[in-house]
Each structure stands twice: as structure tokens, then as C-alpha cells.
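J.: I'd like to go over a predicted model; first the sequence, then the structure.
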Amino acid sequence: MEILNVSIEEAGYEDKKSVIKEVNFSLQPGELIGIIGPNGAGKSTTIKTLLGVIEYVKGDIQKQKLSTYAYIPERPIFYDHLTLWEHLDLLAAINEIDDETLEKMGTHYLEIFKMDKVKHDMPATFSKGMQQKAMIIQALLLKPDYYIVDEPFIGLDPSAIKKFISLMEEEKQRGAGILMSTHVLDTAEKICDRFLLISNGTIFAQGTLNDIQAKSGLHDGSLLDCFYLMSEGGSNE
Ligand SMILES: Nc1ncnc2c1ncn2[C@@H]1O[C@H](COP(=O)(O)OP(=O)(O)OP(=O)(O)O)[C@@H](O)[C@H]1O
């Protein structure tokens, strides 16, 4: 059974209603889907549509009954007067995560990302990468049915990227689905099971790397080469 079944005919903003024109895809348990597209293609708007914060939507988004999700935004958001640990504590309280699990899992993820020494500091005083790590730790604590991740790779240092990828792999093994937008195509190529290639608010190709290669005609091409050829060099459709 799919976690998400998305069929957006049109979505956008009050003054720009058709930023998204045709976005149809589904997300399965244990699957990592990459949304790939140039600046302004509609990746964030697609994500915002799934989060339910977009002003104008025509279409249908079906979510598995009672499914839970965690959103890891590109630009981290924190409460001004709470320390990192207080953020985790609040999240645990809202989501009925018991103290023992919070202590165990919170400490585990803080240690993995080397954030244990700053857990009593205010996230506003963190560097961008540290703030991203704090958002990732919060998402992981929720153990959701699926993750929506907006560009995780820009800002994280190489060791944090490696850890993040391996934690997402663990989450997939648990059965979580992941929808991730990124511009870092060599990493996406290695870790994503399927891709949505989006341009001008429309998905012009989707599938595995093999599917994308076949569609572009570049049978051994990298994701970047296939994407470039299809989006700028004329599609093979
Ligand atoms: N709040 C808004 N109001 C009106 N138009 C918007 C708003 N946010 C985005 N847009 C427009 O929607 C289009 C798609 O933007 P979106 O942010 O979804 O692109 P993106 O694929 O995420 O790009 P990037 O790679 O640069 O993050 C752009 O033309 C942008 O100008």
C-alpha cells in the first residue's frame, strides 16, 4: 500500500496559480524518491503542497490513513527561547514520546551528529550546518511513516552527509518512505530509488535511473547528463 498518492493538476500562489501543472506520483514504504529540477522548477512548491500550506491547489493528495510525517526544511526554524534539548523535549511531549525513549534516542542522535556538547545552547546561535543537524535530529526522533526533505546536502559537512545518508537508509529499512528534493545529483544518483524530474512545474520524466537513461537515450549516462540533455538539450519523448 502506498504511503502517498499524489495527483496535482494545478497548484500555486494567490497571484500565481499554476506554478505546478502536472505532478503525479506515489511514494511506497521503504522507498527514497528524489525530486530533481532547476531553480524555480516547482520543487519547494510541490513540497509545500504536500505539507498543505499552499494557497491554491487543484487535485488530490491521498495519504495512507493515520500516517505520520516529518518535514526537514531547507531553512531551519526554531523557537527563540528554547535550547536544543528543550526543542527535543517539547517535540517528545507533543508526540507522546516517553521520557526514556527521548533520553535514549535523543542522546543517540545528538552523539551521532556530534551535537551533544551544544544540547543546552540556543539553536539560533548555531552555524547553518549545526541548525540543519538539529532539524534532522528532531525529525528522526519522530520515527514517522515518511519524511519530506528539502535540499539536505547543501550546508552539511561531508561527515554529516554520510551519517544522514546512512540514517535515511536505516529509516528505509524500517519501512519509512522519503521524498527528497536536491540539486546534488551525484549523491542523488547513488541513494535514490526513483526520481521525479521536474521543469516548469511539470514532471517530464520519472522512474529509476535505468528508466531515466532509457528515456534520455543516454544508456550509461549519469543522472546529471540525462537530466541536462532532457531539460536543456530537447527531450527524447
Ligand atoms: N510565495 C510565492 N508567491 C508567488 N510565487 C512564488 C512563491 N514562491 C515561489 N513562487 C514561484 O513559484 C515558482 C517555483 O518556485 P519553487 O520555490 O517551487 O522552485 P524550486 O524548484 O524549489 O526552486 P529552487 O531550486 O530555486 O529552490 C517560481 O517561479 C517562484 O517564483
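T.: Perfect, I can see it now. Numbers count the residues shown, from 1 in each chain.

J.: ok, residue 93 - how many residues close by?
T.: Residues near residue 93, counting by other C-beta atoms under 10 Å, number 11. (Each C-beta comes from the backbone N, C-alpha and C, glycine too.)

J.: now swap in the one 4 residues further on and tell me
T.: Counted by other C-beta under 10 Å, the residues lying close to residue 97 total 18.

J.: switch to numbering from 395
T.: Okay, using 395 as the starting number, the last item reads as residue 491.

J.: relative to the ligand, how far out is it?
T.: Shown here: residue 491 relative to the ligand, a distance of 31 Å by C-beta to the nearest ligand atom, to the nearest Å.

J.: what's the residue nearest to that residue when sequence neighbours are not counted in contact with, if anything?
T.: Distance criterion C-beta to C-beta, 6 or more residues apart in numbering; nearest residue to residue 491, sequence neighbours excluded, is residue 535 at 6.7 Å. Neighbour list for residue 535: 482, 485-486, 491, 496, 499-500, 503 [criterion: C-beta atoms under 8 Å, 6 or more residues apart in numbering].

J.: could you do residue 419 as well?
T.: Residues in contact with residue 419, defined by C-beta under 8 Å, 6+ apart, are 400, 427, 590, 597, 600.

J.: same question, residue 545
T.: For residue 545, the contact set (C-beta under 8 Å, 6+ apart) comprises 468, 575-577.

J.: just residue 507 next, same as before
T.: For residue 507, the contact set (C-beta under 8 Å, 6+ apart) comprises 527, 530-531, 554, 557.

J.: cutoff 7 Å now
T.: 527, 531, 554, 557 (C-beta atoms under 7 Å, 6 or more residues apart in numbering).

J.: gap between it and the ligand?
T.: Per C-beta to the nearest ligand atom, residue 507 is found 24 Å from the ligand.

J.: check that residue and give its pLDDT.
T.: pLDDT recorded at residue 507 is 97.

J.: now residue 483. Nearest residue, chain neighbours left out?
T.: According to C-beta to C-beta, 6+ apart, the nearest residue to residue 483 is residue 496 (6.7 Å).

J.: what packs against the helix or strand hosting residue 441?
T.: Counting by DSSP states H and E, the element that carries residue 441 is helix 437-445. For helix 437-445, the contact count by 3 or more C-beta pairs under 7 Å, 6 or more residues apart in numbering; DSSP states H and E identifies strand 398-407, strand 410-414, strand 540-544 as packing neighbours.

J.: and it with strand 398-407, angle?
T.: Orientation check (axes from the mean of the first three to the mean of the last three C-alpha atoms, to 10 degrees): helix 437-445 against strand 398-407 gives 120 degrees.

J.: quick one: buried residues of helix 437-445?
T.: Neighbour-count burial for helix 437-445 flags 437-444 (criterion: 16 or more other C-beta atoms under 10 Å).
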